[in-house]
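Enquirer: Predicted model and sequence follow; I will ask about them next.
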Number of protein chains: 2
Amino acid sequence: MAEKQALSKGEMLIVRKLWDIGPATVREIHESLPESQQMDFSTVQTYLRRIESKGHASSRLEGRIRVYSARTKPQTVIRTTVNDMVERLFGGESMSLVKHLIEDRGIDEDGLSELRAMIDRLEQENK
Amino acid sequence: MAEKQALSKGEMLIVRKLWDIGPATVREIHESLPESQQMDFSTVQTYLRRIESKGHASSRLEGRIRVYSARTKPQTVIRTTVNDMVERLFGGESMSLVKHLIEDRGIDEDGLSELRAMIDRLEQENK
DNA sequence: CTTGCACGCGTACAGACGTACGTGTAAAAA
DNA sequence: TTTTTACACGTACGTCTGTACGCGTGCAAG
């Protein structure tokens, strides 16, 4: 198995950017960060380096600029992280998290119908 | 505001026990840990100490045994943790997490009807 | 050609984490 | 009473995290 080390919270913010904007330079990532998450250029650089060393990204020099690309799919990282949290906070019961999310954070019109559709579809498949 | 420091993953495993079994001694917590999460008695002790120092538990000596009690409700800790994760991994869109959970981890008969009930109820209230 | 900007890369460093050991002592067993 | 057991409490220690500085250098502007 891939054996990739888990990403820390901060690192995750950065891979997310990599997923969003595709292969990118440190600067591109840095500049894409919203107000609320400003950090030093070199901090981003360090994160990217660590993400790579953990096997979640690869990079190559393009001229003298280093370009990073994600190597793990969102799916994978998200799954691992979420599973871990469900395990730790809900004893593995993912329905508890679903319930928490809906009850605690609310859900809007659209979300509601979307959910309903999903349920209908699943019920079909289940049959 | 309460200003309680966030708990780490390991610490969360332990508070969860505190929530579950109520005020408890180090030993009680330690012994309630499942096979898969065995750790040294003194590790549990350290966790409990840290949890207390972060304001999420309090303790008193009962005779010469220290008894810890949770000071934060599950709700609060869970909310903070989940919000944080939704923020970092889903850009704040909690519905994305809900979808991920249902699609990726599946849902059983019971969960399905439970969910359906919840949706119906919410739809009522929303009106 | 000289100067300064932008970047790679190595290094730093304090605080959080996971994990535990050792010492002193009170209570229980022998 | 002597011995053993079981804790509390202080301390440790390597790793991970968040956050960044500084040096060396290629490249663009003057």
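Expert: Great, that's in hand.
Enquirer: residue contacts, A:Ile50?
Expert: Heads up, residue A:50 is Arg, not Ile. A:Glu11 (CB atoms under 8 Å, 6 or more residues apart in numbering or on different chains). Every residue, glycine included, has its C-beta placed from N, CA and C.
Enquirer: Please determine how far it is located from DNA strand C.
Expert: Separation of A:Arg50 from DNA strand C (CB to the nearest atom of the strand, to the nearest Å) stands at 9 Å.
Enquirer: does any part of stretch A:81-90 sit near DNA strand C?
Expert: No. Judged by CB under 7 Å from any atom of the strand, stretch A:81-90 and DNA strand C are separated, with a smallest distance of 9.2 Å.
Enquirer: which parts of that stretch are buried?
Expert: Within stretch A:81-90, the residues that qualify as buried are A:81-82, A:85-90, counting by 16 or more other CB atoms under 10 Å in any protein chain shown.
Enquirer: Check stretch A:33-46 too.
Expert: Those would be A:44-46, for stretch A:33-46 by 16+ other CB under 10 Å.
Enquirer: Could I get the CA-only coordinates of that stretch as PDB?
Expert: Included here for stretch A:33-46 are C-alpha records, laid out as PDB according to Å, rounded to 0.1, in the frame of the first residue of the first chain:
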ATOM      1  CA  LEU A  33      -4.800  32.100  -0.100                       C
ATOM      2  CA  PRO A  34      -7.700  34.100   1.200                       C
ATOM      3  CA  GLU A  35      -7.200  37.000   3.500                       C
ATOM      4  CA  SER A  36      -8.000  34.900   6.500                       C
ATOM      5  CA  GLN A  37      -5.200  32.500   5.800                       C
ATOM      6  CA  GLN A  38      -2.300  34.700   4.900                       C
ATOM      7  CA  MET A  39       1.000  33.300   5.800                       C
ATOM      8  CA  ASP A  40       4.600  33.900   4.700                       C
ATOM      9  CA  PHE A  41       5.700  32.800   1.300                       C
ATOM     10  CA  SER A  42       8.400  30.600   2.900                       C
ATOM     11  CA  THR A  43       5.800  29.000   5.100                       C
ATOM     12  CA  VAL A  44       3.900  27.800   2.100                       C
ATOM     13  CA  GLN A  45       7.200  26.600   0.700                       C
ATOM     14  CA  THR A  46       7.800  24.600   3.800                       C
END
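Enquirer: Does it reach DNA strand C?
Expert: Yes. Counting by CB under 7 Å from any atom of the strand, DNA strand C is contacted by stretch A:33-46 at A:41-42, A:45-46.
Enquirer: picking up where we left off before, would a markdown table of the buried residues of stretch A:81-90 with pLDDT be doable?
Expert: Shown next, in a markdown table, are the buried residues of stretch A:81-90 (pLDDT from 0 to 100):
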| residue | pLDDT |
| --- | --- |
| A:Thr81 | 94 |
| A:Val82 | 94 |
| A:Met85 | 92 |
| A:Val86 | 92 |
| A:Glu87 | 88 |
| A:Arg88 | 87 |
| A:Leu89 | 90 |
| A:Phe90 | 89 |
